[in-house]
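J.: Build the 3D model from these lines:
(2 chains)
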Amino acid sequence: MKEQKVKPSILPGFMELLPKDQILFNKMMDTIRRNYEKYGFVPLDTPLIEKSEVLLAKGGGETEKQIYRFTKGDTDLSLRFDLTVPLARYVAQHFSELNFPFRRYHIGKVYRGERNQKGRFREFYQCDIDIIGNGKLSIINDAEIPSIIYSTFKDLGFEDFTIHINNRKILNGFFESVKVDKKIEVLRIIDKLEKIGYDAVIKELEEIGIEKDSIERIMEFIGIKGSNDDILLKLKELNIENEQFLLGLDELNKVVHYIRCFNVPEKNFIIDLTIARGLDYYTGTVYETILNNYPQIGSVCSGGRYDNLAEFYTDQKLPGVGISIGLTRLFYQLREAEIIGENASSTLSEVLLIPMGETLDYSIEVANSLRNEGIVCEIYYEDAKIGKKFAYADKLNIPYVILIGEDELQRKMVSLKNMSTGAQNIIEISEAAETIKNRL
RNA sequence: GUGGAUAUAGUUCAGUUGGCUAGAGCGCCAGAUUGUGGCUCUGGAGGCCGUGGGUUCGAGCCCCACUAUCCACCCCA
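T.: As a prediction, this is how the structure comes out:
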């Protein structure tokens, strides 16, 4: 009788990686963290689980349906579905102990119980930065955010990407000026322009009952193209007298000005009147970042300005601006597109030490010396044929092997083998360390 | 929540109009004179063919139900 085994599997929508991918993933996360810290953001970590009353304070259908919610005893618990709501709670709770503007970054997992789909996960990492002001927050912050995006994606190894920038006030003001009241619906539709195309947008606008005349003006408006200065000029020349519109245009002018001060190249950011962001809490500047060689991936980093972060937890007026990188999705899609992962290694080890015969004591001594030099190494302790030990180094892509037998022990030296060239010679430990450190 | 597909070895997939003991690649294990990996060769392990019912002399294949997974819409990172 065979024992019945439990099938090893994880829930759909949860991603776990093999070592070679996890190493890449962690490198990306380190790069993002380093960039966030470079701009003076402080780290924050909050519980994965929050009280349901806290997470659900805002109410509203879509997110609420996606929340993982359960009870333990009498406690009503929920898994966080983003990092912004916990931030709001945190800032409201510790308001008196924090210094404003509060600049924090937060890298962590969030949970959404959605129907499964390609590139969509139920558990995924978000890498957020937000700047929260007490009462007010300078528009220059809105310009610094793209600078951080630029620096980060540059460091991640991308050259050709564009940060699309828009301002909700301009959109809202414009809609008011053409007498459109279904602003949120219209925003959602024009946000889809890139995806569904010009004609489909018109069709959808007709379907929700927008006047032909208004549709024409909307399409004309979102069709405004050109350089950043061109667009700013064209917007001004629309001569719209709406207060919101003019406020938004003024903000956008300042944002563009200061982005240039931050030395973000002109080719890496563009005013794009079609991006709106679905989320209804954005009130000013909004961002989306597109990798130009892979537009099908969609936005890899998005965010914007909001008026009041923590209105459900405090009377304090806390405006903020922030962005989020969906690292899990970004990584997944980069790997799917075979942009990364080509020559990935399955280990961090730079060298494998293979002891032969009674040389373990000496081998450990060698490993100690190498590690003191900052070299990542491991020793193969198991009893096996030498061929199997070399095969281990080979399969893990460990670039060097150090072979330690009786001969090496006697001479207090090591045999260093370069696994890609096959070259091998007996040298001093210090010389081996130098060789390994100097590779590439 | 709505719509559409799929389910065979660890994995990716074959499997003819229903017919003998269900196959292949990759991976895994072992070997090809025991101080040398990749390449090659030889051998081996590994399957309730998603689950339950039905049709049939006979079902991996046909029918029904269930379950699971995937894809798209909605929404989002």
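J.: Tell me how many other residues crowd the closest residue in space to A:D191 that isn't next to it in sequence.
T.: Leaving out its chain neighbours, the residue that sits closest to A:D191 by Cβ to Cβ, 6 or more residues apart in numbering is A:A276, at 4.1 Å. Placement of C-beta: from N, CA and C, glycine included. By other Cβ atoms under 10 Å, 26 other residues sit near A:A276.
J.: In which helix or strand does the residue most central in space within chain A reside?
T.: Centroid-nearest residue in chain A, with Cα atoms, centre = their mean: A:I325, separated by 2.6 Å. Under the criterion of DSSP states H and E, A:I325 resides in strand A:320-326.
J.: Tell me how far that strand lies from the chain's centre.
T.: The chain centre lies 9 Å from the centre of strand A:320-326; the measure is Cα atoms, centre = their mean, to the nearest Å.
J.: name the helices or strands packed onto that strand?
T.: strand A:123-132, helix A:140-155, strand A:299-306 (3 or more Cβ pairs under 8 Å, 6 or more residues apart in numbering; DSSP states H and E).
J.: Tell me which of those sits nearest to RNA strand B.
T.: Smallest distance to RNA strand B across the helices and strands packed on strand A:320-326 (Cβ to the nearest atom of the strand): 4.1 Å, for strand A:123-132.
J.: what residues does the stretch 101-250 of chain A put near RNA strand B?
T.: Proximity of the stretch 101-250 of chain A to RNA strand B (Cβ under 7 Å from any atom of the strand) is limited to residues A:112, A:114-122, A:124, A:126, A:188, A:192.
J.: Which parts of the stretch 101-250 of chain A are helices?
T.: Here the stretch 101-250 of chain A has its helices, by DSSP state H, counting those that start in this stretch, at A:140-155, A:168-177, A:183-191, A:193-196, A:198-207, A:212-222, A:228-237, A:243-261.
J.: Throw the ones you listed into CSV and include mean pLDDT and mean neighbour count, thanks.
T.: Shown next, in CSV, are the helices of the stretch 101-250 of chain A (pLDDT from 0 to 100; neighbours: other Cβ atoms under 10 Å):
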stretch, mean pLDDT, mean neighbour count
helix A:140-155, 97, 21
helix A:168-177, 90, 22
helix A:183-191, 81, 19
helix A:193-196, 78, 15
helix A:198-207, 83, 15
helix A:212-222, 87, 16
helix A:228-237, 95, 15
helix A:243-261, 96, 18
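J.: Please convert those to a markdown table, extending it with distance to A:K7.
T.: Below are the helices of the stretch 101-250 of chain A laid out as a markdown table (distance: least, Cβ to Cβ, whole Å):
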| stretch | distance to A:K7 |
| --- | --- |
| helix A:140-155 | 40 |
| helix A:168-177 | 49 |
| helix A:183-191 | 41 |
| helix A:193-196 | 38 |
| helix A:198-207 | 44 |
| helix A:212-222 | 51 |
| helix A:228-237 | 55 |
| helix A:243-261 | 52 |
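J.: Looking at the ones you listed, which is nearest to A:A393?
T.: Distance to A:A393, taken as Cβ to Cβ, is lowest for helix A:140-155 among those, at 30.7 Å.
J.: Let me see the residues that make contact with that closest one.
T.: By Cβ atoms under 8 Å, 6 or more residues apart in numbering, the residues outside helix A:140-155 that reach it are A:31-32, A:34-36, A:38-39, A:101, A:129, A:131, A:133, A:161, A:163, A:165, A:251, A:254-259, A:261-265, A:268-269, A:284-285, A:287, A:289, A:300-301, A:303, A:305, A:321-323, A:325.
J.: Now do it against strand A:320-326, angle only.
T.: For helix A:140-155 against strand A:320-326, the angle by axes from the mean of the first three to the mean of the last three Cα atoms, to 10 degrees is 20 degrees.
J.: how about the CA coordinates for helix A:140-155, as PDB?
T.: Provided in PDB are the C-alpha atoms of helix A:140-155 (Å, rounded to 0.1, in the frame of the first residue of the first chain):
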ATOM      1  CA  ILE A 140       7.900  70.900  -5.900                       C
ATOM      2  CA  ASN A 141       7.300  67.500  -4.300                       C
ATOM      3  CA  ASP A 142       5.200  66.500  -7.300                       C
ATOM      4  CA  ALA A 143       8.300  67.200  -9.500                       C
ATOM      5  CA  GLU A 144      10.700  65.400  -7.200                       C
ATOM      6  CA  ILE A 145       8.700  62.100  -7.600                       C
ATOM      7  CA  PRO A 146       9.500  61.800 -11.300                       C
ATOM      8  CA  SER A 147      13.100  62.400 -10.500                       C
ATOM      9  CA  ILE A 148      13.000  59.400  -8.200                       C
ATOM     10  CA  ILE A 149      11.200  57.300 -10.800                       C
ATOM     11  CA  TYR A 150      13.900  58.300 -13.300                       C
ATOM     12  CA  SER A 151      16.700  57.500 -11.100                       C
ATOM     13  CA  THR A 152      15.200  54.200 -10.000                       C
ATOM     14  CA  PHE A 153      14.400  52.800 -13.500                       C
ATOM     15  CA  LYS A 154      17.700  54.000 -14.800                       C
ATOM     16  CA  ASP A 155      19.400  52.000 -12.000                       C
END
